[in-house]
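Asks: Next comes the sequence, and after it the predicted model I'd like to discuss.
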Amino acid sequence: DAGITQSPRHKVTETGTPVTLRCHQTENHRYMYWYRQDPGHGLRLIHYSYGVKDTDKGEVSDGYSVSRSKTEDFLLTLESATSSQTSVYFCAITGTKNNSPLHFGNGTRLTVT
Amino acid sequence: DQQVKQNSPSLSVQEGRISILNCDYTNSMFDYFLWYKKYPAEGPTFLISISSIKDKNEDGRFTVFLNKSAKHLSLHIVPSQPGDSAVYFCAASHGWRTGANNLFFGTGTRLTVIP
């Protein structure tokens, strides 16, 4: 198993509150990703990082920001949570070999009420 | 706009029989395809991949077939086992490499293998 830990595993929050999800890896990999999984949409890329302080937007980045101050940590922040952000969030890393597939963490289930 | 489609949300198969999961894509530039398996409360795990230079790739009980002209790939599981019960996602990319951000996922198919 790739050493990826997501926290918290579950969170319920109210509309309008800020939320931060954490992804911690022990593999010292350069590339990290945040995806969300929703019924009827599969997994969609929110943001990704290609190094410390180097991040870029994915397909569904509106309403989300990220930060990567250390190689091992990639934070996803919802500045003001909305009900449409109720989802399961997955962090992923890629291996070091070319064409390495994504390895995912176990996810955070976020409910915005 | 879904570029990778899995039109069957669910599939039930008897233990020991073959499971065939299908995936269609619309972007003819896609040249690398992957299958992931996901159990409840866990993240997706990589299962098998295929490059567009091949039309078949096999790994134990799992075989992926690629039909480029039809823009279609399928995952065959033979024989199916109860532990194979999971959601299967196909994914596709153009020029996938470590660090790329252009992997597109299908919506998933829930496979149930009946003992």
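Replies: Looks like it came in fine.
Asks: Which single residue in chain B comes nearest to chain A?
Replies: Residue of chain B nearest chain A, by CB to the nearest CB: residue B:43 (3.2 Å). Every residue, glycine included, has its C-beta placed from N, CA and C.
Asks: For the nearest residue to that residue once chain neighbours are set aside, give me its contacts.
Replies: Leaving aside its sequence neighbours, residue B:43 sits nearest to residue A:104 (CB to CB, 6 or more residues apart in numbering or on different chains; 3.2 Å). Residue A:104 makes contacts with A:4, A:35, A:90-92, B:36, B:43-45, as judged by CB atoms under 8 Å, 6 or more residues apart in numbering or on different chains.
Asks: And the pLDDT for residue A:104?
Replies: Note on residue A:104: pLDDT of 95.
Asks: On the strand side of things, show who it bridges to.
Replies: residue A:92 (DSSP bridges).
Asks: Could you do residue B:36 as well?
Replies: With DSSP bridges applied, residue B:36 shows beta-bridge pairing to residue B:46, residue B:89.
Asks: rewinding a little: does the residue of chain B closest to chain A belong to a helix, a strand or coil?
Replies: Under DSSP: H, G, I helix; E, B strand; the rest coil, residue B:43 falls in the coil class.
Asks: And for the one 5 residues further on?
Replies: Three states are possible here, and by three-state DSSP the one that applies to residue B:48 is strand.
Asks: What about it, how many residues nearby?
Replies: Other residues within reach of residue B:48 by the criterion other CB atoms under 10 Å in any protein chain shown amount to 18.
Asks: Let me know whether it touches residue B:57 as I believe.
Replies: Yes - counting by CB atoms under 8 Å, residue B:57 is a contact partner of residue B:48 at 6.2 Å.
Asks: Between these two, which contacts overlap?
Replies: Joint contacts of residue B:48 and residue B:57 (CB under 8 Å, 6+ apart) are B:63-64.
Asks: So which residues of chain A form strands?
Replies: Using DSSP state E, the strands found in chain A span residues A:4-7, A:10-13, A:19-25, A:32-38, A:42-51, A:54-57, A:64-70, A:73-78, A:87-94, A:102-104, A:108-112.
Asks: and the residue of chain A nearest chain B?
Replies: For chain A, CB to the nearest CB, closest residue to chain B: residue A:104, 3.2 Å.
Asks: contacting residues around residue 113?
Replies: As the question left the chain open, I've gone with chain A. A:12-15, A:83.
Asks: Please refer instead to chain B.
Replies: Neighbours of residue B:113 in contact, by CB under 8 Å, 6+ apart: B:12-15, B:19, B:80-85.
Asks: tell me the pLDDT at residue 112?
Replies: Chain wasn't specified; assuming chain A. 97.
Asks: was after chain B, sorry
Replies: Looking at residue B:112, its pLDDT stands at 98.
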